[in-house]
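Student: Sequence and predicted model, in that order:
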Amino acid sequence: MQVNYTGTGSSNGRNQFRNGTVDFAVSDVPYGLTDEGVVDPPPPRPFSYLPLAGGGTSFMYNLTVGGRRVTNLRLSGDTITKIFTGVITNWSDPAIHADNPGLVLPSRTIVPVVRSDVSGTTFQLTSWMSKQHPSLWNAYCARAGLLADPCGAVQAYPVIPGSGFSAFPGSLGVTGYVAQSSSDGAITYAEYSYAVSTGFPVVKLLNSAGYYVAPTATNAAIALLAARVDSDPASPTYLTQLLDGVYTSPDPRAYPLSSYSYLIAPTSLSLGFTTDKGQTLGAFAYYALCRGQQIAPILGYAPLPVNLVRPGLEQIRRLPGVDPSTITIAGCANPTFSPDGTDLLASTAPLPAPCDRLGPVQCPAGTQPTVTALSASVGPVDPSGPPTQPTLVTATATVTPASGTGTPTGSVQFLDGGVAFGSPVTLADGAATLTTTGFGPGTHLLSAVYSGDPAFESSTSETVPIRVEGPATAQETVTTTVPAGALLLTVRGTDVTLPDLQLTADNTLLTTSGAMNPVTVIDTRAGDPGWSVSGQVSDFTATTGSGATINGFDLGWTPSIISHAATQTVTAGSTVAPAPGLAPGVVPTDPTQGLKTARTLATATAGAGIGTAEMTAVLALAAPTSTPAGQYTAALTLTAI
């Protein structure tokens with residue numbers, strides 16, 4: 001699939017979707033809001049909001065004392081609001097000192113840096129201030145000339161001339177300004193990912209539980225457990241986020257100013273949107289809500305919890321062209337909950353350090369972002385051992401500070417498809433290793449979550465896929481008819497017509513023969529252990545309702561190799577003669593006859609099996625002349641080990 005997307009901002013995305021120039025959009029802000037007297041109308045076509053990307057609105061700052069950068073700044077919501085409404089203008093203000101008993105801050109002018117353009121982050125910040133600190137925000141709006149009372153959330157930050165505020169376009173603009181060496185004393189708001197990428201500290205914000213917490217992926221995800229989606233179709237805010245519970249979450253880990261972005265998708269066929277596009281968009285959205293959330297922390301965002309994923313999946317099922325039965329919680333692979341939908345965040349997320357609690361003690365060091373890298377290996381496997389031997393898997397997570405300073409302690413929890421396996425492993429010199437034989441055959445999606453050191457932020461690795469080998473099976477359906485004329489042999493997907501059924505010269509058997517579908521084996525495994533393909537057939541059963549059968553031992557084959565890679569050594573199996581004319585249920589006296597016992601189709605030598613090989617076999621059927629007329633079907637099962 002190909003999905004084209006350009007990050008041009010929430011407002012432009014909503015406008016393009018409304019005008020029908022794009023098939024979908026992403027926005028931090030829903031339609032229908034009134035901003036400075038201008039209403040943002042919804043599009044005329046039916047559409048839906050899907051939760052897409054969660055995170056915390058962070059406050060990145062540049063502040064030094066004695067030539068050293070401050071990294072452990074703590075602020076309450078009241079203090080933050082006073083800074084961004086011009087009430088507090090100096091870093092030595094008593095309110096800031098009350099939040100930071102462990103710091104002696106300089107008498108330096110605060111430079112609040114806001115967005116000069118319409119933005120979703122401005123909307124999230126002002127929405128929070130309007131709900132949690134309405135008197136401060138309404139008073140500022142009035143001074144700025146906004147006539148609405150209450151002021152409410154806005155997308156364009158009102159700047160009062162001469163207030164000492166600075167304004168720049170885009171998150172890159174505001175964070176880029178704050179990061180300059182000449183911007184000592186500046187503070188701005190932006191997605192946490194921008195602060196992480198610039199390597200600058202962010203404010204720890206006081207939550208309702210009395211803890212100052214950073215906007216890490218875990219803390220934002222914990223807060224979003226209290227988010228609700230408006231499920232009332234008659235409501236003007238239908239399907240949009242209700243964040244009052246997030247702002248006041250009692251969980252000590254919750255970052256109060258957390259929210260999520262919307263994917264805006266059409267729910268009808270109009271303006272060039274087709275069922276094919278709907279199927280593609282549905283698959284993309286399902287990946288984004290589920291497995292894609294595993295890499296959200298690496299990008300500076302928070303994985304969406306189950307209370308937001310469930311309503312999101314409901315909306316994916318509404319997209320034209322989507323098969324609703326394929327959009328399930330069980331197949332979601334979201335890292336915040338188990339396949340049965342049980343929340344994992346509440347039991348796995350680390351608690352804040354005691355020194356982050358409101359009071360006279362302050363953590364001496366700021367929270368440093370970390371990067372968790374994961375590597376995994378499979379094996380070794382004994383090629384001469386039984387196919388059921390346990391497979392050894394080794395996973396190693398390495399945790400490093402984004403700044404390159406210090407060695408994190410704590411532990412790593414390894415996950416398979418978002419589900420924890422094994423106990424947390426304590427870091428030793430920044431690394432944690434887990435070795436296990438607990439993986440069954442198939443593809444496994446491993447990830448690692450680091451936490452547990454109050455001086456370092458939690459982080460999650462990228463997903464690393466591994467393949468654990470086991471018997472691989474395929475099946476062809478073989479159908480034969482015993483009419484008064486020809487015998488038809490059909491293999492799944494393709495009909496194979498055999499010559500007419502003929503009596504043998506002694507009139508004792510009905511015989512026919514024909515080629516089975518070609519079988520392809522592709523081997524790309526490390527270690528090149530070689531492989532073997534075998535086949536085994538069931539009894540043929542009549543499809544006409546007579547209940548008659550043909551003994552599976554009556555079928556034999558002559559294998560042959562069609563092609564293989566030049567580096568491979570591939571050998572066809574021996575010819576297996578049919579056990580001629582056995583009655584149903586009878587076992588041949590010659591144990592080498594018939595395909596009702598597993599027989600070798602082809603083998604590749606260890607050390608010379610890597611590559612692609614194709615093989616087939618001529619099937620030979622010798623049925624009793626007493627076989628009733630009718631169509632018969634058997635399953636020929638092929639197994640590669």
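Tutor: That came in fine, so what should we check first?

Student: Now the nearest residue to Ser27 once chain neighbours are set aside: phi and psi?
Tutor: Sequence neighbours aside, Ser10 is the residue nearest to Ser27 in space, at 3.9 Å (criterion: Cβ to Cβ, 6 or more residues apart in numbering). From N, CA and C alone the C-beta is placed, and that goes for glycine too. The phi/psi pair for Ser10 (degrees, to the nearest 10) reads phi -60, psi -50.

Student: Kindly report the same for Val113.
Tutor: Torsion angles, degrees, to the nearest 10, at Val113: phi -110, psi 120.

Student: In contact with it, which residues are there?
Tutor: 165-168, 174, 177-178, 186-188 (Cβ atoms under 8 Å, 6 or more residues apart in numbering).

Student: ok, 6 Å please
Tutor: Contact analysis of Val113 by Cβ atoms under 6 Å, 6 or more residues apart in numbering lists 166, 174, 177-178, 186, 188.

Student: repeat for Thr400
Tutor: Thr400 touches Val371, counting by Cβ under 6 Å, 6+ apart.

Student: Same question for Ile562.
Tutor: Per Cβ under 6 Å, 6+ apart, neighbours of Ile562: 518, 614-616.

Student: ok, it to Val87 distance?
Tutor: Ile562 sits 81 Å away from Val87, taking Cβ to Cβ, to the nearest Å as the criterion.

Student: got any ranges where the stretch 151-300 of the chain has weak pLDDT?
Tutor: Nowhere does the stretch 151-300 of the chain drop to pLDDT under 70.

Student: most residues in a single strand of this protein, which one?
Tutor: strand 47-62 (DSSP state E).

Student: which of the residues in stretch 169-188 are buried?
Tutor: By 16 or more other Cβ atoms under 10 Å, the buried positions in stretch 169-188 come out as 170-171, 173-179, 183-188.

Student: just to revisit the earlier point, tell me the one among the contacts of Ile562 nearest to Ala221.
Tutor: Of all the contacts of Ile562, Glu614 has the smallest distance to Ala221: 48.7 Å, by Cβ to Cβ.

Student: didn't Ala640 look like it was pressed against Gly535?
Tutor: No: the pair Ala640 and Gly535 does not pass the contact test of Cβ atoms under 6 Å, sitting 10.5 Å apart.

Student: Neighbour count for those two, which is higher?
Tutor: Gly535 (25 against 19; other Cβ atoms under 10 Å).

Student: ok, back up a step: what's the next secondary structure element after the longest strand of the chain?
Tutor: Next along the chain after strand 47-62, taking DSSP states H and E as the criterion, comes strand 64-65.

Student: Just the buried residues of stretch 150-162, please?
Tutor: Neighbour-count burial for stretch 150-162 [16+ other Cβ under 10 Å]: 151-159.

Student: And the furthest pair within the residues you listed?
Tutor: Gly152 and Val159 (17.6 Å).

Student: Throw the buried residues of stretch 150-162 into a markdown table and include secondary structure and distance to Gly145, thanks.
Tutor: Listed next are the buried residues of stretch 150-162 as a markdown table, based on DSSP: H, G, I helix; E, B strand; the rest coil; distance: Cβ to Cβ, whole Å:
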| residue | secondary structure | distance to Gly145 |
| --- | --- | --- |
| Cys151 | coil | 11 |
| Gly152 | coil | 15 |
| Ala153 | coil | 17 |
| Val154 | coil | 12 |
| Gln155 | coil | 16 |
| Ala156 | coil | 12 |
| Tyr157 | coil | 13 |
| Pro158 | coil | 7 |
| Val159 | coil | 11 |
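
Student: Looking at the residues you listed, which is nearest Thr407?
Tutor: Tyr157 (40.5 Å).

Student: pretty sure the closest one is touching Thr122, no?
Tutor: Yes: applying Cβ under 6 Å as the test, Tyr157 and Thr122 come out as touching, 4.9 Å apart.

Student: which residues are common contacts for these two?
Tutor: Residues touching both Tyr157 and Thr122 (Cβ under 6 Å, 6+ apart): Arg115.

Student: got the contact list for Leu136?
Tutor: By Cβ under 6 Å, 6+ apart, the contact set of Leu136 is 81, 85.

Student: Return the distance of it relative to Ile187.
Tutor: Distance from Leu136 to Ile187, by Cβ to Cβ: 16 Å.

Student: which one of the buried residues of stretch 150-162 sits closest to Ser513?
Tutor: Gln155 (75.5 Å).

Student: Report the contact partners of Val219.
Tutor: Val isn't right for residue 219; it's Asn. Asn219 neighbours (Cβ under 6 Å, 6+ apart): 213, 253, 255.

Student: Try it again at 7 Å.
Tutor: 56, 213, 253-255 (Cβ atoms under 7 Å, 6 or more residues apart in numbering).

Student: Which two among the residues you listed are spaced furthest apart?
Tutor: Gly56 and Arg253 (11.9 Å).

Student: more crowded one of those two?
Tutor: Gly56 (30 against 23).

Student: Any figure for the gap between the residue located most distally from the centre of the chain and Val586?
Tutor: Taking Cα atoms, centre = their mean as the measure, the residue most remote from the mean C-alpha position of the chain is Asp506, 66.3 Å away. Distance from Asp506 to Val586, counting by Cβ to Cβ: 20 Å.

Student: and if you look at Gly430?
Tutor: The spacing between Gly430 and Val586, counted by Cβ to Cβ, is 68 Å.

Student: likewise Thr109?
Tutor: Distance from Thr109 to Val586, by Cβ to Cβ: 99 Å.

Student: Also Ser163?
Tutor: Distance from Ser163 to Val586, by Cβ to Cβ: 98 Å.

Student: Those two - which one has more neighbours?
Tutor: For Ser163 versus Val586, neighbours defined as other Cβ under 10 Å are more numerous around Ser163 (15 against 12).

Student: what residues are up against that one?
Tutor: Taking Cβ under 7 Å, 6+ apart as the test, what Ser163 contacts is Gly86.

Student: That one is in what secondary structure piece?
Tutor: Applying DSSP H and E, one finds Ser163 in no helix or strand.

Student: tell me, what residue is most central in the protein?
Tutor: Arg291 (1.3 Å).

Student: ok, the residue nearest to it when sequence neighbours are not counted - how many residues close by?
Tutor: Sequence neighbours aside, Ala333 is the residue nearest to Arg291 in space, at 4.3 Å (criterion: Cβ to Cβ, 6+ apart). The number of residues packed near Ala333 is 21, by other Cβ under 10 Å.

Student: pLDDT score for Ala333?
Tutor: Note on Ala333: pLDDT of 89.

Student: would you say it is within a strand?
Tutor: No: under DSSP: H, G, I helix; E, B strand; the rest coil, Ala333 falls outside any strand and is assigned coil.

Student: any low-confidence regions in the stretch 401-550 of the chain?
Tutor: Ranges of the stretch 401-550 of the chain meeting pLDDT under 70: 402-405, 418, 454-455, 470-501.

Student: let's see 50
Tutor: Low-confidence segments of the stretch 401-550 of the chain (pLDDT under 50): 472-473, 481-493.

Student: where along the chain do the helices fall?
Tutor: Taking DSSP state H as the criterion, the chain carries its helices at 10-19, 77-83, 94-99, 120-132, 134-143, 170-178, 192-198, 217-224, 244-247, 275-289, 306-316, 345-348.
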